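Peer 1: have a look; sequence and predicted model below, questions after that.
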Amino acid sequence: MSEQPRAIQLYLVSDSTGETVQAIARACIVQFEGIEGIEHHWNLIRNTARIDHILEKVAADPGIVLFTFVNQDLRRHLLEGCRDLRVPCISVLDPFITAFENYIGTSARQQPGRQHALDADYFSRIDAMHYAMAHDDGQGLWNLHNADVVLTGVSRTSKTPTCIYLANRGIKAANVPFVPGIGLPQELLTMTGPNAPLVIGLTKDPARLVQIRKNRLKMIAEGDETDYVDLETVRKEVMTCRRICHERNWPVIDVSRRSIEETAAAIIEHYDRRLELREAGLKGNDKR
């Protein structure tokens, strides 16, 4: 019988949205075997009264306090309160801000949430999110040429969540499923040329794919006596899709043991390389 993980209370405190401190806390806690981080989120903190309330919670159930504050009075209040409680209190951005200040030679602005300003990048991400939702699962084929990236692959290869993740990075991503017996639509197959969207195939180990599909059928109360979860049929399905991708020189990424973030990182690497080659080609034409 496996042991229950040891629970560690994580108090994540921020004067902004809390995304940064949450990401850092999760990146740290996963490095420890047998430890489960219990997250308590306190965002948009603007006064010491709320910090006092947080300190009451910490006193009742001690843990590690991680924070991002630019307001010196708030951070001092939190640090002193945690010192009195004898619990660790860590400003997660301090080492990075200090290194930047030392290198750049100027002080950082004391303004929370500057990374969430409504700038062009923000609206680009919103536009990409709308595009991903409108072009999910083979929708909007008539507008496929406006994508930055098109993902294809058999069912349950994480195409949709990967597109959403890419959209959050400002990349307009569509996904077109490979359907056994039907194949891929002509709108995708006929997209060629240096200015066409980057098409990437996602694939997965057939055995793992069958298990995921069976779990999916159970969730929707469907029986599993179908080719959809027959191992030999799924193996042929995967091989056919891979063959089509290779025939068209589309990169193929095996997502069997990749997280959504890891898959997206590999896609972005392909996409950046495509942009570099395109830019190099334009410069070469300018010299002629």
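Peer 2: Noted; the coordinates are in hand. Numbering: from 1, shown residues only.
Peer 1: going by C-alpha atoms from here, please, whenever you check contacts or count neighbours.
Peer 2: Will do.
Peer 1: hey, what's the nearest residue to residue 26 once chain neighbours are set aside bridged with?
Peer 2: In this structure, residue 26 finds its nearest non-sequential neighbour in residue 37, 7.8 Å apart by CA to CA, 6 or more residues apart in numbering. With DSSP bridges as the criterion, residue 37 is bridged to residue 8.
Peer 1: what number of residues lie near residue 37?
Peer 2: By other CA atoms under 10 Å, 20 other residues sit near residue 37.
Peer 1: looking at it, it is touching residue 9, isn't it?
Peer 2: Yes. In terms of CA atoms under 8 Å, residue 37 counts as a neighbour of residue 9; the distance is 6.0 Å.
Peer 1: show me what contacts residue 125?
Peer 2: The contact partners of residue 125, taken as CA atoms under 8 Å, 6 or more residues apart in numbering, are 167-171.
Peer 1: around the closest residue to residue 228 other than its chain neighbours, how many other residues sit close by?
Peer 2: Spatially, and ignoring its direct neighbours in sequence, residue 228 is nearest to residue 234 (6.9 Å; CA to CA, 6+ apart). Residues within reach of residue 234, counting by other CA under 10 Å, total 21.
Peer 1: my guess is residue 234 meets residue 227, correct?
Peer 2: Yes. Under the criterion of CA under 8 Å, residue 234 makes contact with residue 227 at 7.5 Å.
Peer 1: so which helix or strand takes in the residue nearest to residue 228?
Peer 2: Element membership of residue 234 [criterion: DSSP states H and E] is helix 231-247.
Peer 1: quick check: what element follows that helix along the chain?
Peer 2: Heading C-terminal from helix 231-247 (DSSP H and E), you reach strand 252-254.
Peer 1: in the next helix or strand after that following strand, what counts as buried?
Peer 2: Using DSSP H and E, the next helix or strand after strand 252-254 towards the C-terminus is helix 260-287. Residues of helix 260-287 classed as buried: 260, 263-264, 267-268, 270-271, 274 (neighbour count, 16 or more other CA atoms under 10 Å).
Peer 1: just checking the distance from the lowest-mean-pLDDT helix or strand in the chain to the centre of its chain.
Peer 2: Lowest by mean pLDDT, DSSP states H and E among the helices and strands of the chain is helix 260-287, with a mean of 82. Distance of helix 260-287 from the chain centroid (CA atoms, centre = their mean, to the nearest Å) equals 19 Å.
Peer 1: what packs against it?
Peer 2: On a contact count with 3 or more CA pairs under 8 Å, 6 or more residues apart in numbering; DSSP states H and E, helix 260-287 meets helix 159-168, strand 198-203.
Peer 1: flag the shaky bits of the stretch 101-250 of the chain, pLDDT-wise.
Peer 2: The model of the stretch 101-250 of the chain has pLDDT under 70 over residues 108-120, 223-224.
Peer 1: now the helices for it?
Peer 2: 120-134, 159-168, 186-189, 206-219, 231-247 (DSSP state H, counting those that start in this stretch).
Peer 1: could you export the ones you listed as JSON lines, including distance to residue 147?
Peer 2: Shown next, in JSON lines, are those (distance: least, CA to CA, whole Å):
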{"stretch": "helix 120-134", "distance to residue 147": "8"}
{"stretch": "helix 159-168", "distance to residue 147": "11"}
{"stretch": "helix 186-189", "distance to residue 147": "11"}
{"stretch": "helix 206-219", "distance to residue 147": "27"}
{"stretch": "helix 231-247", "distance to residue 147": "18"}
